[in-house]
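Colleague: Fold the following, please.
(3 chains, ligands or ions: 6)
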Amino acid sequence: MSRVQRLVGSLVGKKVIMAATGVILLGFVLAHMIGNLKVFQGPEHFNAYAEGLRTMGAPFFGRGQLLWIARIILLASVGLHIWAAWVVTRASWAARPDGYRRLDLIETTYAARTMRWGGVIILLYVVFHLLDLTFGKANPSFLPGDVYHNLVASFTRVPVAVAYVGAMVVLCLHMYHGIYSGCQTLGLNHPKYNRWRRGAALVFSLAVAGGFIAVPAAVLAGAVR
Amino acid sequence: MTLQSRVPGGPIQQKWDTHRFEMKLVNPANKRKFHVIVVGSGLAGASAAASLAELGYRVSCFCFQDSPRRAHSIAAQGGINAAKNYQNDGDSIWRLFYDTVKGGDFRSREANVYRLAQISVNIIDQCVAQGVPFARDYGGLLANRSFGGAQVSRTFYARGQTGQQLLLGAYQALERQIGIGQVAMYPRAEMLDVVVIDGQARGIVVRDLVTGKISSHAGDAVVLATGGYANVYFLSTNAKGCNVTATWRAHKRGAAFANPCFTQIHPTCIPAHGEHQSKLTLMSESLRNDGRVWVPQRAGDARAPDQIPDAERDYYLERMYPSFGNLVPRDVASRRAKEMCDAGHSVVPGGHGVYLDFRDAIGRVGRQAIAERYGNLFEMYERITGADPYRVPMKIYPAPHYAMGGLWVDYNLMSTIPGLHVIGEANFSDHGANRLGASALMQGLADGYFILPYTIGDYLAQAKLGKVTPEHAEFRRVEAEVADRTQKLLAANGSRSVDSFHRELGALLWNACGMSRNAAGLRQAMTTIRELRERYWKDVYVGGKGEDFNQSLEKAGRVADFLEFAELMCRDALQREESCGGHFREEYQTPDGEAKRDDARFSFAAAWQFTGVGQEPRLEKEPLEFEHVHLAQRSYK
Amino acid sequence: MDLTLHVWRQAGPAASGTFVRYAVRGVTPDMSFLEMLDMLNEDLIRQKQEPVAFDHDCREGICGSCGVVINGRPHGPHNATTACQLHMRLFRDGDEIWVEPWRAKAFPIVKDLVVDRGAFDRIVQAGGFITARTGSAPEANAAPVPKRDADLAMDAAACIGCGACVAACPNASAMLFVAAKVSHLGALPQGQPERYDRVVKMVDVMDAAGFGACTNHGECMAACPKEISVDFIARLNRDLLKATLLPPPTGRDWSGA
Ligand SMILES: Cc1cc2nc3c(=O)[nH]c(=O)nc-3n(C[C@H](O)[C@H](O)[C@H](O)COP(=O)(O)OP(=O)(O)OC[C@H]3O[C@@H](n4cnc5c(N)ncnc54)[C@H](O)[C@@H]3O)c2cc1C
Ligand code: HEM
Ligand code: HEM
Ligand code: SF4
Ligand code: F3S
Ligand code: FES
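Modeller: Numbering: from 1, shown residues only, chains lettered A, B, ... in the order given. Ligands and ions are numbered 1, 2, ... in the order given. Predicted coordinates:
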């Protein structure tokens, strides 16, 4: 068996896959969050940005081509990420068939303990989110092309906006432990810099989640309409 | 039968080399035809099993712990000696040899000790190659410290866990051989008897401690590396499982037991806290490098230590031994502590403790420096006693620690049963009447890595070994005996726990055959032990089943053997009408209370031959000549 | 002091176990936890009941034999302390104490509080050693080892193989134990030639033994009586990545931890 196969075959290897795909996903959410902030520049800019996403890479790429490539990479990452998460989680459940009457947890964090359910919630969120703003199935008045309108329309439904905010909190936790955990998994540690890893994870997660939350919050507050 | 020490001729420096050349070799192709049984996975057992397997022998290795890595060697703290002279302070093979013979109070075999000193240097090389993380200087070279009062720094150490690191090295070498199938490892397996066929040791009978199944293992030679018997005192620094069973069983099958009364009492242990004390914890000897031992001058002085001004303290070791002070050898330091306490100067209620004080050292070099030297030991002390040694002096008291005595072996480490080899603490070893600090690890590894692998080949190459399988009638017979004995223990179904008997035996021995002994006490003890043994078989309650994981039964078997062995210990102590090393007979001391040897009558190793339980054993003497280290009265004044 | 114990009793691997309630009287503060269990067993024997089985040997915190979960904490409430060194002065009169065995598929229960940790030995057999045949060693001081590396190796080598890391890990992962061994040998020059084969082989056997996957909870480090750091886990992962993804490794290492 080749060494790479042995890596992938091992549980550590699965974690590496999660970490690697996790990094891609982190990159995506960061970019996506920044893009979303254009909402505050008004409809024209934002729709232009959305349009821009589709004409990305022109004239080299045809309309939407590059976007599709990105989508495929994303989809693959999420798929792999979830697959690995599933295998790893099953292994860990199997590793302790009968549990303790009581096991005190001292060192771990809430974020670390909620990674699995957090992930599921994020998944459900994304599904809804796509139906809402990409396919419009879950959107009260969906106008293809007018992303700004769709967005405002969606968030003027208070429960939806609140749900979005909630999802972002979950994502924030997931990223917070995910980034630290990913560093460990990828062996990114050094006595000098270890102290900074959790701090950096916190800053990044708060920034991304905060940026995302700003949009529904603004709509609720009536700042964006 | 007369004892054949088989010490080769020639000048002492060349004995081992010539011998290695003269020994018969086993043809490499034939090695795998031989099956060697190694009982024990401590430093001696693990290193021997691994080395034999590397040579190509088929090896089976047994230990009673759940993993070979847990052998009692793991507990050794201080370090291991070797005559490397890395510190350029005038050490040499000769000096290590000399110190060991003198430290052993001239009751060891010169040729063996010299070989030990020679080999000591190879041990360090071997261990470093295995990845033992010895302490190092900033330049990356190996560090040393002076240990146990040695005048040179020849002790190699790995923090306070030298034994652990050395054992892990040997354990890993052993696991490697297990992994490639050269060694069959049997953990949680207790050897309960040796099987001798046609006068040769051909196998062992073992109890599987998980299932209780009793089974036989046949081989071409048997190696016992089963450690020391200090647990005969119940309270000792040894691990709870340490026992005399393996060696005692061998003794009953014809292996002579040498110098059983030579036991070492370690001066710096944490005093017992009460009746439920289950074992005693050693505080590394290195503490005596900076700690000062004292007791209040006034007997029964109950004041807190800081309330007692220097003028009213008796730093008795410094007073009695101006030149060595607190660094006198273990036997001396221990006996003096006992005297002080017997005279009413004890600093713990119950009369068993003296102070080991770091106040002055901290004042001199500062708390930081002391923390660097002994930090982990101080923590351990505080964890156990709840007292902070940085502020209040430690309380210490001597405790049984090591067995110099053991099965008698010749220069080839073979007992008086052909084919039965004995290594490590289990043999009567190279330490005479007293072992120097950091020399047991050295001896265990010398035996296992560098001596037995050669000498056992010499035996196998020459012995006429017929084919023997576990189906052989003799195996069946011994199996039956073992099973029968186990049944007896269970059947006794009395009213007292095994431990309660063990405690009683321990207390008895500690008083009669501990730090100081006298004829009357020893005679008395022997009768009491006999009575206790009879009561044991009538009144012990073991509980549980034989065919099951039954720790009470394990203990029961071991204590039964201790009860027989203890009598021999006293008999040996009674026979030896002199004081030497760890053996102090009150009748034989100098005016100022030092051990008084009688070289004219007693410079021999006492090897006892078993003649039947409760029957007078036969004493055979191996005379000890001292050609290179001239006999002298040890003086540390 | 008087205590109420709830001890896990299980006749054998196949049998089903339960907690049994015992009262222990007259426990003194300077007793160790195991001495308290001895006391319980003495009582049981007096009543001709079977004593509680628990592993122990050195009672000095070094052999790694002992280990039970005490009120939800492997080796009990005192950090950096094995069960045998845990002293009763940490408990109060009238306390209720729940005692459970390590729980993990890879550590089947033998009896009561005793488990089979043989999986650890099998992991070591796979590669947890430096191949140095007896007699083949060069002069010990021939190759200096930077003090930093020697100390790092010793930090990792302090592991006593007790299994508390597995017991404490929400995933019953053995990463800390394996990481400690891999790092001990990998930190030293002598360990370089086999460094990358070693990690691949040991990880294989670890997975096969049925331990869970590490998701970096850090509980193992908190429970470890020798305070082995999770930094070693990152180091193991790094070594595994280098071993499997990089071109045949030179055996050189770029980081301190
Ligand atoms: C607390 C302490 C500290 C020490 N510190 C030092 C030190 O600093 N320096 C030094 O040089 N020495 C030291 N010593 C002494 C030294 O550790 C021992 O003498 C040495 O380790 C003995 O090694 P061994 O291999 O002969 O026996 P052990 O290590 O005791 O191994 C005995 C083996 O035999 C097995 N065994 C025993 N009986 C049976 C049986 N019936 N059936 C099957 N298997 C059996 C056991 O399972 C074990 O594997 C110390 C000792 C103690 C107690
Ligand atoms: C944008 C979305 C997501 C991001 C940015 C993300 C990021 C990460 C990162 C960086 C890790 C660390 C990997 C490691 O430690 O090796 C991780 C772990 C994990 N992720 Fe995600 N993930 C996302 C979505 C999901 C989804 C949809 C699921 C499952 C349905 C999921 C489940 C998990 C699980 C179970 C872990 C392992 C827990 C751990 O390692 O501590 N994640 N994720
Ligand atoms: C409150 C926060 C968010 C807002 C306001 C938001 C807004 C949007 C909008 C407007 C679109 C449509 C873009 C277009 O069609 O051109 C979109 C698409 C998308 N969003 Fe979000 N998003 C948010 C959070 C997230 C998060 C946290 C994730 C992932 C975990 C996510 C994943 C996606 C995906 C996968 C698409 C589809 C991209 C495509 O393929 O076209 N979004 N988002
Ligand atoms: S890492 Fe710590 S907890 Fe795990 S086995 Fe080693 S010593 Fe025990
Ligand atoms: S607790 Fe378990 S999850 Fe990893 S960090 Fe320790 S092994
Ligand atoms: S009994 Fe040895 S570590 Fe606890």
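Colleague: Against B:Cys269, how distant is the residue lying farthest from the centre of chain A?
Modeller: Largest separation from the mean C-alpha position in chain A: A:Arg101, at 35.1 Å (CA atoms, centre = their mean). Relative to B:Cys269, A:Arg101 is positioned 38 Å away (CB to CB, to the nearest Å). In short, each C-beta sits where N, CA and C put it, glycine included.
Colleague: is the strand or helix carrying B:Pro453 up against chain C anywhere?
Modeller: Secondary structure assignment for B:Pro453, by DSSP states H and E: helix B:452-462. Yes: Helix B:452-462 lies within reach of chain C by CB under 8 Å from any CB of the partner chain, at B:Pro453.
Colleague: and that helix, average pLDDT?
Modeller: Across helix B:452-462, the average pLDDT comes to 98.
Colleague: how about the residue farthest from the centre of chain A, secondary structure?
Modeller: Following DSSP: H, G, I helix; E, B strand; the rest coil, A:Arg101 is assigned to coil.
Colleague: Contacts only, for it.
Modeller: Contact partners of A:Arg101, counting by CB atoms under 8 Å, 6 or more residues apart in numbering or on different chains, are C:19, C:72, C:98, C:100.
Colleague: just to revisit the earlier point, show me what the helix or strand that the helix holding B:Pro453 is followed by is packed against.
Modeller: The first helix or strand that comes after helix B:452-462 along the chain, using DSSP H and E, is helix B:473-492. For helix B:473-492, the packing partners by 3 or more CB pairs under 8 Å, 6 or more residues apart in numbering or on different chains; DSSP states H and E come out as strand B:189-197, strand B:200-208, strand B:214-218, helix B:519-539, helix B:551-575.
Colleague: For ligand 5, which of those is the nearest?
Modeller: Closest to ligand 5 of the helices and strands packed on helix B:473-492 is helix B:551-575 (CB to the nearest ligand atom; 30.4 Å).
Colleague: hmm, who's touching whatever helix or strand comes next after the closest one?
Modeller: Counting by DSSP H and E, the element after helix B:551-575 in chain order, helix or strand, is helix B:599-602. Contacts to helix B:599-602, defined as CB under 8 Å, 6+ apart, come from residues B:106, B:576-578, B:580, B:631.
Colleague: Buried ones among those residues?
Modeller: B:106, B:576, B:578, B:580 (16 or more other CB atoms under 10 Å in any protein chain shown).
Colleague: Give me the distance between the second one and ligand 4.
Modeller: The reference is to B:Arg576. 44 Å (CB to the nearest ligand atom, to the nearest Å).
Colleague: Please look at that residue and B:Trp608 and confirm they touch.
Modeller: No: assessed by CB atoms under 8 Å, B:Arg576 is found out of contact with B:Trp608, at 11.8 Å.
Colleague: For ligand 2, what's the nearest residue on chain C?
Modeller: Counting by CB to the nearest ligand atom, chain C gets nearest ligand 2 through C:Thr215, at 3.6 Å.
Colleague: That residue belongs to a strand?
Modeller: No: counting by three-state DSSP, C:Thr215 is not found in a strand; it is coil.
Colleague: Would whichever strand or helix holds A:Asn36 count as contacting ligand 3?
Modeller: Element membership for A:Asn36 (DSSP H and E) is helix A:11-36. Yes: against ligand 3, helix A:11-36 shows contacts by CB under 6 Å from any ligand atom at A:29, A:32, A:36.
Colleague: How far does the longest helix along chain A sit from its chain's centre?
Modeller: When chain A is scanned for its longest helix (criterion: DSSP state H), the result is helix A:65-94. Distance, stretch centre to chain centre, for helix A:65-94: 12 Å (CA atoms, centre = their mean, to the nearest Å).
Colleague: Repeat that for stretch B:89-105.
Modeller: 20 Å.
Colleague: May I see the buried residues of that stretch?
Modeller: Applying 16+ other CB under 10 Å to stretch B:89-105 flags B:91, B:93-105 as buried.
Colleague: contacting residues for B:Ala512?
Modeller: B:Ala512 sits next to B:521-522, B:524-525, B:570 when contact means CB under 8 Å, 6+ apart.
Colleague: helix or strand for B:Tyr355, which one?
Modeller: strand B:354-357.
Colleague: quick one: strands adjacent to that strand?
Modeller: Sheet partners assigned to strand B:354-357 using DSSP bridges are listed as strand B:292-296 (antiparallel), strand B:394-403 (antiparallel).
Colleague: Need the winner for burial among those strands.
Modeller: strand B:394-403 (a mean of 27; mean count of other CB atoms under 10 Å in any protein chain shown).
Colleague: mind checking how far B:Arg115 is from B:Asp410?
Modeller: Taking CB to CB, one finds B:Arg115 at 13 Å from B:Asp410.
Colleague: neighbour-wise, which of the two wins?
Modeller: Under the criterion of other CB atoms under 10 Å in any protein chain shown, the comparison of B:Arg115 against B:Asp410 puts B:Arg115 first, with 24 against 18.
Colleague: Find the nearest non-adjacent residue to the more buried one, please.
Modeller: Closest residue to B:Arg115 apart from its sequence neighbours, by CB to CB, 6 or more residues apart in numbering or on different chains: B:Trp16 at 4.6 Å.
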